[in-house]
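1. no sequence on this one, just coordinates:
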DNA sequence: CCAATCAATTAGTATTTGCTAATGCATTAG
DNA sequence: CTAATGCATTAGCAAATACTAATTGATTGG
């Protein structure tokens, strides 16, 4: 009961604040699905560390997993970024700063 | 030279990951300008702590200061959020998720 | 002038964090 | 069956973090 659960924004921010963990998220995002072993390769840290980071990311709602045999495949859950989007939205930076891009984007998607 | 300066995204994320510090930023943002004493009031932490948080925020480019007499007034620098915007942009969450809003927004501004 | 106010900095401390190394538990290959 | 592989979890540790209390240096009100 002493554990006050931090709000989603804090959880997401904290999850992404660490460079190593953020790099893990990025790699997961880039690949449709990726195993822990694969993530460990070239990460510079041990498999245990990767598992810990994945746990944080999962708790933050940023990744999801699928177990298959002895492998566990992770994929990104971009919806997990929603708290961050909402927070920033509240501070109104997006639309104002990037306005010229909007038209192009719209044209591109629905010409 | 041993100090590897973390990239801007990390700096900004870290600055905003702490709830107290994020609350400070939010209050600074909401008021056009606000003094340290005022920020300390109702913050739940000491003036020293507030000063420390402001220092982090300043280093992250999220706030700027103006000294006047014995007061120092802080204001938000929303441009400091740019690294965050860029990072998220790269993951494409904004436009895709909020797509229906785009049309409305465009119409609203340039009917 | 001088007491009070404002803000930054510093030393010290408790907690949190990111990591490794080691273990354990499944699962699969041969 | 047995060895090897994949992954999670744990204990332990060093470093980072968020805080307080105290100090210092300005500035200003009376």
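-> Cool, the structure landed. All values reported here derive from a predicted model rather than from experimental measurement.
2. what does stretch A:42-50 contact?
-> For stretch A:42-50, contacts defined as CB atoms under 8 Å, 6 or more residues apart in numbering or on different chains pick out A:20, A:23, A:24, A:36, A:37, A:39, A:40. Where C-beta positions appear, they are placed from N, C-alpha and C, glycine not excepted.
3. residues touching the third one, list them.
-> The contact partners of residue A:24, taken as CB under 8 Å, 6+ apart, are A:39, A:43, A:50, A:53, A:54, A:57.
4. Residue B:7 versus residue A:44, what's the distance?
-> Here residue A:44 is placed at a distance of 16 Å from residue B:7 (CB to CB, to the nearest Å).
5. coming back round to it: show me which of the contacts of residue A:24 has the smallest pLDDT value.
-> Lowest model confidence among the contacts of residue A:24 falls on residue A:43, which carries 95.
6. Now for that residue, how many residues are close by?
-> 16 (other CB atoms under 10 Å in any protein chain shown).
7. Helix, strand, or coil at residue A:65?
-> strand (DSSP: H, G, I helix; E, B strand; the rest coil).
8. Count the neighbours of it for me.
-> 16.
9. That one and chain B, how far apart?
-> Using CB to the nearest CB, to the nearest Å, residue A:65 is found at 19 Å from chain B.
10. wait, isn't that residue in contact with residue A:71?
-> No. Residue A:65 is beyond contact range of residue A:71, at 10.2 Å (criterion: CB atoms under 8 Å).
11. that older thread, out of residue A:44 and residue B:7, which sits in the busier spot?
-> residue B:7 (12 against 8).
12. which non-adjacent residue is nearest the residue nearest the centre of chain A?
-> When CA atoms, centre = their mean is applied to chain A, the residue found nearest the centroid is residue A:62 (4.1 Å). Spatial nearest neighbour of residue A:62, chain neighbours left out: residue A:80 (3.9 Å); criterion: CB to CB, 6 or more residues apart in numbering or on different chains.
13. try residue A:67
-> residue A:73 (7.7 Å).
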